[in-house]
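> okay, predicted coordinates and the sequence, questions at the end:
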There are 2 protein chains.
Amino acid sequence: MNQDYIKADPWSVIEEGFDKEQVKSSESLFSIGNGAMGQRANFEEQYSGETFQGSYIAGVYYPDKTRVGWWKNGYPEYFAKVLNAPNWIGIDVFINGEPLDLNTCKSVSNFKRELNMKEGWYKRSFTATMPNNFEVAIEVTRFLCVDLDEVGAIQYNLQVLNANAEVILLPYLDSGITNEDSNWEDKFWNTTKITSDDNRAFIESHTMKTNFAVCTFMQTALHIDGDKVDASPITKKDELSIGNSYSVEVKKNEKVTLTKYGGYTVDRNHSKDQLLKAANTVLDQASKYGFETLLQKQIEAWAKIWEMSDITIEGDVKAQQGIRFNIFQLNQTYLGKDSRLNIGPKGFTGEKYGGSTYWDTEAYCLPFYMATKNQDVAWNLLEYRYNHLEKAIENAEKLGFKNGVALYPMVTMNGEECHNEWEITFEEIHRNGAIAFAIYNYHRFTGDYSYIPKMGMEVLIGIARFWHQRTNFSEDKQKYVMLGVTGPNEYENNVNNNWYTNYLAKWCINYALEQLDVIKDKYSEDYKILVSKTKLTSAETEDWAKAANNMYFPFSEKHQVYLQQDGFLDKEMIKVEDLSRSDRPINQKWSWDRILRSPYIKQADVLQGFYFFEDDFTNEELEKHFDFYEPFTVHESSLSPCVHSIQAAKLGRMDQAYTFYLRTSRLDLDDYNKEVEEGLHITSMAGTWMSIVEGFGGMRVKNNQLCFTPQIPKQWTSYSFKINFRNQIVTITVSEKGTDFEISGSNELMIQVNDKQVKLLPGKIVHV
Amino acid sequence: MNQDYIKADPWSVIEEGFDKEQVKSSESLFSIGNGAMGQRANFEEQYSGETFQGSYIAGVYYPDKTRVGWWKNGYPEYFAKVLNAPNWIGIDVFINGEPLDLNTCKSVSNFKRELNMKEGWYKRSFTATMPNNFEVAIEVTRFLCVDLDEVGAIQYNLQVLNANAEVILLPYLDSGITNEDSNWEDKFWNTTKITSDDNRAFIESHTMKTNFAVCTFMQTALHIDGDKVDASPITKKDELSIGNSYSVEVKKNEKVTLTKYGGYTVDRNHSKDQLLKAANTVLDQASKYGFETLLQKQIEAWAKIWEMSDITIEGDVKAQQGIRFNIFQLNQTYLGKDSRLNIGPKGFTGEKYGGSTYWDTEAYCLPFYMATKNQDVAWNLLEYRYNHLEKAIENAEKLGFKNGVALYPMVTMNGEECHNEWEITFEEIHRNGAIAFAIYNYHRFTGDYSYIPKMGMEVLIGIARFWHQRTNFSEDKQKYVMLGVTGPNEYENNVNNNWYTNYLAKWCINYALEQLDVIKDKYSEDYKILVSKTKLTSAETEDWAKAANNMYFPFSEKHQVYLQQDGFLDKEMIKVEDLSRSDRPINQKWSWDRILRSPYIKQADVLQGFYFFEDDFTNEELEKHFDFYEPFTVHESSLSPCVHSIQAAKLGRMDQAYTFYLRTSRLDLDDYNKEVEEGLHITSMAGTWMSIVEGFGGMRVKNNQLCFTPQIPKQWTSYSFKINFRNQIVTITVSEKGTDFEISGSNELMIQVNDKQVKLLPGKIVHV
């Protein structure tokens, strides 16, 4: 671990004491979001120290012109970037003319940050002696409303502790913001109008190129010791910003409270010319409620979220804090309300990566959202890809594929590829399979088939076509092979016959063929439309089947394992445990060629296939492959330990499973990768959830039935989680003494526990 | 071909007629150089149209900070760039206050450029009607002195044809220049001092970071109808430039002649504080000679060069022009005087690529320089690499190698790597073998062993060490394998067991071991020093031998050919001739992944091995491999056709050999690749020479003897070339009727012609 300054607490993330070195890390860790927008925990008042400013609006991005050292044909021209949006949280503070700036204060004491995950708010407080010797006490509470998701609220409390003083509070909006990761120092925003109306102010702007229109707004009010200061603020305006300046004479210890509501209205939700009006409407609503009621509603909204998604752990407060931090961040990033949005790898906590959607969504996040939300959230995630199908077909065409082949991008915002490393962009094509698998997984978990004839089948056809065209018949092997791919283990590039990719390809084609039969049989109208739209012929599907049924899988007779790719056994097979400490992590210590020719595995690759398709293999096969590959796995992707944790648990190796779990749950809180200041690892947080629910809890859905094989790490007294299984909420509590199952609602449910059928009756705890 | 505006002429490159679209192409094609400096054929007077300004000084470069999309460990921090140097050719012209600018003239007639390759000068002439209706006739002659290689001369003749006029001529120096390919818009030059002395002016500047100090200088004089204008020019000076302004009233048709000498003195040749003095010295020399004498000396110098290196072709003037253009450009780029310099892929004709030294030097250029210059030129090319040995060891260390392993860079200026594509930089390691092969080739051709104990052996040890460490033992194959390489065919990346690389590795180790034995035996003092310096042990050399003797070579039993790499036969083996025209060139039409998984070969790969090591294989084996690989070869590297031409000739397929030859000899003149405006392909020009001498002429050195198997393309009447073999000049003239051999000097020489021994006696032509 790289840091341990976060205080252990079951429900809150807490920092105590002011350390300038931690400011950027804490800005990430104390980030807040509500699915529609989010922001780093930047200070409201000015700060001249090291800081990384960030406020982000879901779905608002900029296509930055690609900048690479050496251009390769097929690279996308643009790289869609998460865009830093106008700042609405700023509140400058002046005491007798001197700005309050934590970087220049003579001393700072009682500095504390708290991110209350249970209630969804962030508070910061401190006492500081300013250069002019005024002592001030500050307490700021901030949250982004989950229900009224266009607005956030700030309550900024200030006391001068040692004298009477002239206090100026200057809450402002600022559209003069930039991205740190700009490729060409482009201007990303164009500000068109800045207006104010008494204590409200508005900045209308739009993004360059994409032309997303945004109205950034605020409303401010000042109280002294609870009494409203009636005088209107003085408007301070320049080309890119606007502020409401309040100047008051305050007595020693009098409490000045600035309340600020702010946020964005965007043209995804309103027509472009109604953004200002919509901003006024949302401010009317917010001010009708007032700060305290808004906060109360926030607490209620988060209570609802937690009711379904909380995992409790008894006997290990750090583990408890870790898992809640992960669940909290996933919910801050995506609440599933809008099928046009997705789960960015850094959520609303930083700029890095660009794009918002990786295969992480389908492979790692979907199970979490399926089990902790209503079914329509998972549907929205699936529909997102359906809506991008046309772009996926264009993407495949750019790479030379024809006839409705779909290749979903490695990273995307709007369906277009926005990545540019040839070995990933063009070759890490297994992502396409994850999108098909998610369709299967959705049906398996929810029992809802309706997505497939309506949308999913068309996606499955495009994907099956891709695999068929991407394989070729090897005269030499008399089999279909797949050349030049990168598997989930990105420490191998441009390999031939990656087993995982070949297996997934075969599975995708077979699954598509099976669903075609189902639809032909049971949804004949949909079938006709599909065939006409996709121009699918039986000759084509026969060709698919030929490739799938005659696919090549590299296998070692000696080791009795499938090989990660052709030639894997030519490597120098030194296990990770025999590497020198100074060689790790290899992605920081070794040159790329050395990594590539080594046997080391970044994240589950063959084992990812054993995870997706575990029913296709015996436990003995899993064990053999796990024992063959895990010793070469360096787990240098945040997505690696969870799959291994689940498989170790399945093999009954709870100590190993727990070790893997530990590597995921506090990855950001303890900053294992020394990069938390750039933002959080949102998508891998779903893997932590999976480690507990699918790993320790052994949750599966088989034959339309919820199944469990509960185990508990010896470090814990008990743990508990809930599963929303087809609109029935099952609570599972595991302790050393056994497992309790409880079902809400009024219907009974048959589940399977350790291969035995168990009937759950509402209102009755079943102990197994 | 992309253009055909160059007039056919045996000795000159000629353009007639002014076409703005051709300006940048012609700036490349009419480039002049003298090994120490060079410049694109930019106009002296101002030009507001599309132009690519370039003046370059050998060995003066700038380490531009690497800019890539995605950083990989091991990438060099800097990319050494050929640097655009201060402009000394500029002469602004004003007629009655109006600037002469070919882009704005009302009409331009009789525009002609001539690059006289025989005599080494460039002339441009035209008549133009200016916007103010003055008609001017211009004739400019320019050359860079081969002997006095710090200086060039310009004679700028001007007549006003239709009226008396006020003419201002403003020759200047300008250090306000930039590189078009700058990564970060860095400032590359710092100008420290601008001075003038009567009709001389000087700009002292140095490059940023590398701190190369350069004094750019000029001396000017004006004549009217041959009479010197005595008045001193008026100095015009600003921050980055200085000019000598001559203002004269001229009568209609009077001839105004501005003579300008200019150039650079650099701190590679003088101490930093003596650059100005050195500039004055060289100007003293130049002005002592005067323009006409300088020109005469230039003609003599080029006559000497041609005496040794000319190839004449009877019956095909375009072929004649093509081969002379190639030989001319090679000599303009590198004359072999300085072992600190090398042969840049674009010479002094453009910026692209950066770095100056590729494996092209050893594999393609060395044979040309060995056969057409004195032995010390080839020695200098070899010594260049010896001087970089320490950097090559550092380069290998950066990639994780230890104990004196040397990996020469893919591209370099000073020995450090300056390339940053992982698949090339880290994996196209066969370049290391070419450097060892060049040592062997030098000894084979010159018979001079002295380089090896003195310098070469140390290089060979570093290289042998590299191959030994870069291979690993495959338990699976029970052989040594080499994983993750890119062969000469760059359309395959990160492959295993590239046959060429494995073969070269084995050869390098064996050659190093053999030379070690020779040195131990015959140069025991050198041997002791070597062993002590390199810490070489017999245990280590035994390990080398083990790897070399047990190297794995992929082989197809079915096709009876060595495979380019593991898995080559898994590809979809569609021949190039069966590809659609619209798919070609694949490097412009296909995405990179598609190229990679295709069987298409960019340039000789297995066949490069058959070229280097032809004596290891029978003609039947060559034929089998040629017929297997050539049909999949797209020849999209300028280095490809020459090797195939030589091999086709060896197989007696002269039509095919000639077809390949045609693709190389006029590559730039006819702009086959649509990019000549960026500069010329200098290093591949040596391949054209090889096609004739080694291909058609069948020249080889075997057992210390010069051998020939002459053939002639049926399109030619005869051709002739010379070989400097161990200080004896042999002239070979091939016609349909047979071959004539003639030897200069006073000693006889036994050569082999078509397997027969032939004795050459001085002064006697032997007809075979």
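Everything's here; your move.

> and the residue in the stretch 301-450 of chain A positioned nearest to chain B, how many neighbours?
Proximity of the stretch 301-450 of chain A to chain B (C-beta to the nearest C-beta) peaks at A:Phe426, 3.5 Å away. In short, each C-beta sits where N, CA and C put it, glycine included. With neighbours defined by other C-beta atoms under 10 Å in any protein chain shown, the count for A:Phe426 comes to 30.

> assign a three-state SS to A:His625, would you?
Assigned with DSSP: H, G, I helix; E, B strand; the rest coil, A:His625 falls in the helix class.

> how about it, nearest residue that isn't a chain neighbour?
Once flanking residues are discounted, A:His625 sits nearest to A:Val561: 5.3 Å by C-beta to C-beta, 6 or more residues apart in numbering or on different chains.

> mind listing what the one you found touches?
Neighbouring residues of A:Val561 by C-beta atoms under 8 Å, 6 or more residues apart in numbering or on different chains: A:555, A:606, A:624-625, A:628-629.

> kindly report the same for A:Lys702.
Per C-beta under 8 Å, 6+ apart, neighbours of A:Lys702: A:615, A:752.

> check A:Leu222 too.
If you count contacts by C-beta under 8 Å, 6+ apart, A:Leu222 has them with A:169, A:228-229, A:233, A:246, A:248, A:256-259.

> so which of those residues wins on neighbours?
Among these, A:Leu169 has the most neighbours (other C-beta under 10 Å), with 27 neighbours.

> show me the beta-bridge partners of that one.
A:Val93, A:Tyr246 (DSSP bridges).

> quick check: A:Gln715 touching A:Val317?
No. Counting by C-beta atoms under 8 Å, A:Gln715 does not reach A:Val317; the two are 11.6 Å apart.

> returning to that earlier point: in strands only, show me the contacts of A:Leu222.
A:169, A:228, A:246, A:248, A:256-259 (DSSP state E).

> number of nearby residues for the closest residue to A:Lys106 other than its chain neighbours?
Leaving aside its chain neighbours, A:Lys106 sits nearest to A:Thr129 (4.3 Å; criterion: C-beta to C-beta, 6+ apart). Neighbour count for A:Thr129, taken as other C-beta under 10 Å: 16.

> quick one: the lowest-mean-pLDDT helix or strand in chain A to chain centroid distance?
Ranking every helix and strand in chain A by mean pLDDT, DSSP states H and E puts strand A:78-84 at the bottom, with a mean of 84. With C-alpha atoms, centre = their mean, to the nearest Å as the basis, strand A:78-84 stands 16 Å off its chain's centre.

> do the same with stretch A:645-663
Chain-centre distance of stretch A:645-663: 23 Å, with C-alpha atoms, centre = their mean.

> for A:Glu249, list the residues it contacts.
So A:Glu249 contacts A:164-167 (C-beta under 8 Å, 6+ apart).

> for A:Cys365, grab phi and psi.
Phi and psi for A:Cys365, reported as degrees, to the nearest 10, are phi -80, psi -40.

> re earlier: closest one to chain B out of the contacts of A:Val561, please.
A:Phe555 (12.6 Å).

> packing partners for the biggest helix by length in chain A?
What stands out as the longest helix in chain A, according to DSSP state H, is helix A:275-309. Using 3 or more C-beta pairs under 8 Å, 6 or more residues apart in numbering or on different chains; DSSP states H and E, the elements in contact with helix A:275-309 are strand A:135-144, strand A:151-160, strand A:200-207, strand A:213-224, strand A:255-266, helix A:317-333, helix A:366-372, strand A:718-725.

> any chance of the ones you listed in TSV, plus distance to A:Asp615 and mean pLDDT?
TSV is the format used below for those (distance: least, C-beta to C-beta, whole Å; pLDDT from 0 to 100):
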stretch	distance to A:Asp615	mean pLDDT
strand A:135-144	42	98
strand A:151-160	46	98
strand A:200-207	46	96
strand A:213-224	48	98
strand A:255-266	44	98
helix A:317-333	27	96
helix A:366-372	16	97
strand A:718-725	19	97
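
> A:Ser684 is nearest to which of these?
Among those, the nearest to A:Ser684 by C-beta to C-beta is helix A:317-333 (8.6 Å).

> now do the SS call for the closest residue to chain B within the stretch 101-250 of chain A.
Per C-beta to the nearest C-beta, A:Asn183 is where the stretch 101-250 of chain A lies closest to chain B, at 8.7 Å. Per three-state DSSP, the local secondary structure of A:Asn183 is coil.

> quick one: the residue nearest to it when sequence neighbours are not counted from B:Asn183, how far?
Nearest residue to A:Asn183, sequence neighbours excluded (C-beta to C-beta, 6+ apart): A:Arg67, at 4.2 Å. For A:Arg67, the distance to B:Asn183 equals 10 Å [C-beta to C-beta, to the nearest Å].

> okay, and the common contacts of those two?
B:Arg67.

> now whatever residue of the stretch 651-768 of chain A ends up closest to chain B: phi and psi?
Distances between the stretch 651-768 of chain A and chain B by C-beta to the nearest C-beta are smallest at A:Glu675, namely 13.7 Å. Main-chain dihedrals, A:Glu675, degrees, to the nearest 10: phi -150, psi 20.

> how much space separates it from A:Phe94?
Counting by C-beta to C-beta, the separation of A:Glu675 from A:Phe94 is 35 Å.

> neighbour count winner among those two?
Neighbours were tallied for A:Glu675 and for A:Phe94 using other C-beta under 10 Å; the higher tally belongs to A:Phe94 (19 against 15).

> what about the nearest residue to A:Tyr562 once chain neighbours are set aside, neighbour count?
Using C-beta to C-beta, 6+ apart and skipping residues adjacent in sequence, the residue nearest A:Tyr562 is A:Trp499, 4.6 Å away. Counted with other C-beta under 10 Å, the neighbours of A:Trp499 add up to 24.

> which residues are in contact with the nearest residue to A:Asn326 once chain neighbours are set aside?
Excluding the flanking residues, the one nearest A:Asn326 by C-beta to C-beta, 6+ apart is A:Met685, at 3.7 Å. By C-beta under 8 Å, 6+ apart, A:Met685 lies in contact with A:325-327, A:329-330, A:664.

> do you know how far the closest residue to A:Gln560 other than its chain neighbours is from A:Leu651?
In this structure, A:Gln560 finds its nearest non-sequential neighbour in A:Lys624, 6.1 Å apart by C-beta to C-beta, 6+ apart. Separation of A:Lys624 from A:Leu651 (C-beta to C-beta) stands at 11 Å.

> partners of A:Ile743 in the sheet?
Beta-bridge partners, per DSSP bridges, of A:Ile743: A:Val730.

> give me the neighbour count for whatever residue of the stretch 451-600 of chain A ends up closest to chain B.
Here the residue of the stretch 451-600 of chain A nearest chain B is A:Ser591; by C-beta to the nearest C-beta that distance is 2.9 Å. Burial measure for A:Ser591: 19 neighbouring residues, criterion other C-beta under 10 Å.

> show me what contacts the residue nearest to it when sequence neighbours are not counted?
Distances taken as C-beta to C-beta, 6+ apart place B:Gly74 nearest to A:Ser591, at 2.9 Å, with adjacent residues excluded. By C-beta under 8 Å, 6+ apart, B:Gly74 lies in contact with A:590-594, B:398-399, B:422, B:425-426.

> let's see 7 Å
Shown in contact with B:Gly74 (C-beta atoms under 7 Å, 6 or more residues apart in numbering or on different chains): A:591-592, B:398-399, B:426.

> give me the beta-bridge partners of the spatially closest residue to A:Phe348 that is not a sequence neighbour?
Excluding the flanking residues, the one nearest A:Phe348 by C-beta to C-beta, 6+ apart is A:Gly38, at 2.2 Å. The bridge-partner assignment for A:Gly38, based on DSSP bridges, gives A:Gly33, A:Tyr56.
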